[in-house]
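S.K.: Below are the sequence and a predicted model; questions follow.
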Amino acid sequence: MSNSTAAAAAAAAAAAEELAGALAAFNPNPTIGALLVGTLGSLTLWGISTAQVYVYFERFPNDYIYLKTFVFIVWSTELAHSICSSYITYFYAVTNYGDPLVFLDKIPPTLTLTVIFGAASASLVQAFYAFRIWTLAPNRLFKAASVLIWTAILVFFGGSTAATALSFKAVDIPIYDNQYSWLLIFVTALNVMDDCAISICMVSMLVYTRKRSMKNTTILMDKLIEWTIETGMLTAIIGTIGLILLIHNPSDFIWIALQFIKSRLFSNALLASLNSRTTLRNLASSQTTGGMMSAGMRGLQSQSNGGGVQSELNIAMTRVTLQQYDDIETPGYRSPRERERFGGGLRGSRDVYGDDDKTTGMAM
């Protein structure tokens, strides 16, 4: 009896010594600290996306039902991701407070679920952008690029699903990192490549369209190019930093925190592009109206200065100019013949939005 008691006491002392050593060597900044910052930033962005969802449904009630359903699904995956990330932060920071050995135990299920929900959100948004590229593609090259992007998205989501399934079977976190860190690196790198490819394709399409558009439309094209570069670069930069940190030290949670934030940026960029259609339409309308008024004023000024023959010539030239403006292949607008045939409005892809919009559909 005394021997068993002594053995138990020795084991307890050894465990206490191990815990004391772990506490002394434990640095909470790259683990709990990074997870907390990432979760707070993620929840903030989720609140913004929730507000954008409300604005979307209020501002565009006539969008197709499948687009509304798509927006709701993206928001739902973001909600599920937020719940899981909040729980895992509470699990490490509160439930297991002062126990650094928990980072050497089995991977919590909620942590693995954040991977699949984040991958689902990113895949949905990127697939939507790829579909937009396919719909607005000016030639077969861009259509082929959209097919390649779709393929890469499927591989990314499949790899993320496999990583999630393997994490449930892993004995502990260090073993999982040693065996499957390559899979995490692969899917993260593939996601960054998808993001860069989408941005490059969208900017290239906008530049291609800008070269063939009217002068009054170039301001709108420039605004679209600016927005596309800004949103695409932000997610690509954060993804690249997260990939570097994952390769350097997969046991830290800094790269996980960046993934939390990046997944929110995807959904916010999507919702911002949908909600910005009103602003872009107003910009396009103001540019078109300004161009027509300028042409009309020039015609009237020539009429007052040049007499009968000259005035008739200028009026005729103005009429031809306006007719050419209506007939030109300016993305997003219908010519008079098209308006007569299709009922007026913007020439666009109702299969993307359901509101006859093509020019504004090219925004990221």
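M.R.: Noted; the coordinates are in hand.

S.K.: The closest residue to S160 other than its chain neighbours sits in which helix or strand?
M.R.: Setting aside the residues directly before and after it, S160 is nearest to A119 in space (Cβ to Cβ, 6 or more residues apart in numbering), at 3.5 Å. (C-beta placed from N, C-alpha, C; glycine too.) In the assignment (DSSP states H and E), A119 maps to helix 109-136.

S.K.: While we're on the residue nearest to S160, how confident is the model there?
M.R.: Confidence at A119, expressed as pLDDT, is 94.

S.K.: still on that earlier bit, in the helix holding A119, what's buried?
M.R.: In terms of neighbour count (16 or more other Cβ atoms under 10 Å), helix 109-136 has its buried residues at 110-136.

S.K.: And for stretch 84-93?
M.R.: For stretch 84-93, a neighbour-count test (16+ other Cβ under 10 Å) marks 84-89, 92-93 as buried.

S.K.: which other residues reach it?
M.R.: Contact with stretch 84-93 is made by 31-32, 35-36, 38-39, 42-43, 102-103, 108, 110-111, 113-114, 117, 260, as judged by Cβ atoms under 8 Å, 6 or more residues apart in numbering.

S.K.: measure I149 to S85 for me?
M.R.: I149 sits 27 Å away from S85, going by Cβ to Cβ, to the nearest Å.

S.K.: ok so, going back, next SSE downstream of the helix holding A119?
M.R.: Note on helix 109-136: by DSSP H and E, the next helix or strand toward the C-terminus is helix 140-169.

S.K.: tell me the angle of that following helix relative to helix 109-136?
M.R.: When axes from the mean of the first three to the mean of the last three Cα atoms, to 10 degrees is applied, the directions of helix 140-169 and helix 109-136 differ by 170 degrees.

S.K.: The next helix-or-strand element following helix 140-169 packs against which elements?
M.R.: Later in the chain than helix 140-169, the nearest helix or strand by DSSP H and E is helix 173-211. Packing contacts for helix 173-211, counted by 3 or more Cβ pairs under 8 Å, 6 or more residues apart in numbering; DSSP states H and E, involve helix 109-136, helix 140-169, helix 218-248.

S.K.: could I get the buried residues of stretch 84-93 as a markdown table with distance to I225 and pLDDT?
M.R.: Listed next are the buried residues of stretch 84-93 as a markdown table, based on distance: Cβ to Cβ, whole Å; pLDDT from 0 to 100:
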| residue | distance to I225 | pLDDT |
| --- | --- | --- |
| C84 | 36 | 95 |
| S85 | 34 | 94 |
| S86 | 37 | 95 |
| Y87 | 41 | 95 |
| I88 | 39 | 94 |
| T89 | 38 | 93 |
| Y92 | 43 | 91 |
| A93 | 43 | 90 |
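
S.K.: Keep only those of the residues you listed that are in helices.
M.R.: Among those, DSSP state H puts 84-89 in helices.

S.K.: ok, back up a step: go ahead and build a PyMOL selection from the buried members of the contacts of stretch 84-93.
M.R.: Per 16+ other Cβ under 10 Å, the buried members of the contacts of stretch 84-93 correspond to this PyMOL selection:
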select buried, resi 31+32+35+36+38+39+42+43+102+103+108+110+111+113+114+117+260
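
S.K.: Could I get the phi/psi values of S276?
M.R.: phi -80, psi 0 (degrees, to the nearest 10).

S.K.: pLDDT score for it?
M.R.: Confidence at S276, expressed as pLDDT, is 82.

S.K.: That one: how many residues sit nearby?
M.R.: S276: 17 surrounding residues under other Cβ atoms under 10 Å.

S.K.: And the one 3 residues further on, by the same measure?
M.R.: The local packing count at T279 equals 12, with neighbours defined by other Cβ under 10 Å.

S.K.: in which helix or strand would I find it?
M.R.: Using DSSP H and E, T279 maps to helix 277-327.

S.K.: Identify whichever of the helices and strands packed on helix 173-211 lies nearest to Y64.
M.R.: Comparing the helices and strands packed on helix 173-211 by their distance to Y64 (Cβ to Cβ), the top pick is helix 109-136, with 12.9 Å.

S.K.: counting contacts, what elements does that closest one pack onto?
M.R.: helix 65-90, helix 140-169, helix 173-211, helix 254-275.

S.K.: Who are the contact partners of the residue nearest to V187 when sequence neighbours are not counted?
M.R.: Ranked by Cβ to Cβ, 6+ apart and with sequence neighbours excluded, the top spatial neighbour of V187 is G159, at 4.0 Å. By Cβ under 8 Å, 6+ apart, the contact set of G159 is 183, 186-187, 190.

S.K.: same deal with M193?
M.R.: Counted by Cβ under 8 Å, 6+ apart, M193 has contacts A152.
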